[in-house]
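S.K.: sequence and predicted structure, then a few things I'm wondering about:
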Amino acid sequence: MARGLRTGKPQGGFAYIWILMALTLLGLGLGRALEVYHHELQREKEEQLLYIGNQYRLAIESYYNTSPGMLKRYPLKLENLILDTRMVSIKRHIRALQKDPITGSIAWGLIRNRQGEIIGIHSLSKKQPVRLAHLDGAHPYLNEAESLSDWVFLATPAHQ
């Protein structure tokens, strides 16, 4: 009476189901971990954007405030912040042009006055910000920003 290789134990396939369930749970956990990682990476880039944007804002203010003579001027291009030759000695208002940490590009959105001078910058990214409020109140525009390009770093010189 040979009926195959049956050993008398019922085979239900439970081990296969447990392995599938474990792999599903592992996949869900990894997906959530990647989502958290991406969120934290975006938050870090936004912090860098705040820092770099403020550095540009301060450099534009410095350029304006150190204008020789009575007529105060803003820079016509960002490169003027690196090498200001308006005076006898060369002045550097910023060490180097910085990349936008969100887009990874050296290109920035430029805000110009009626004379075509740069009075501020902003990111060109249309991403929605992770950070929706700034706790110290130094950047009130963060509360209403729909995209990171709404984060404007506008110069406010001491004497206007």
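M.R.: Ah, there it is.

S.K.: residues near residue 14, how many?
M.R.: Around residue 14 there are 8 other residues, counting by other Cβ atoms under 10 Å. In this view, the C-beta of every residue, glycine as well, is placed from N, C-alpha and C.

S.K.: now do the one 10 residues further on
M.R.: Other residues lying near residue 24 total 10 when counted by other Cβ under 10 Å.

S.K.: how about residue 115, secondary structure?
M.R.: Secondary structure, DSSP: H, G, I helix; E, B strand; the rest coil: residue 115 is coil.

S.K.: swap in residue 80?
M.R.: Strictly by three-state DSSP, residue 80 counts as helix.

S.K.: how close does the closest residue to it other than its chain neighbours sit to residue 41?
M.R.: Spatial nearest neighbour of residue 80, excluding adjacent residues (Cβ to Cβ, 6 or more residues apart in numbering): residue 63 at 6.7 Å. Going from residue 63 to residue 41 by Cβ to Cβ, to the nearest Å gives 33 Å.

S.K.: so those two - more neighbours on which side?
M.R.: Taking other Cβ under 10 Å, residue 63 and residue 41 do not tie; residue 63 has more neighbours (24 against 11).
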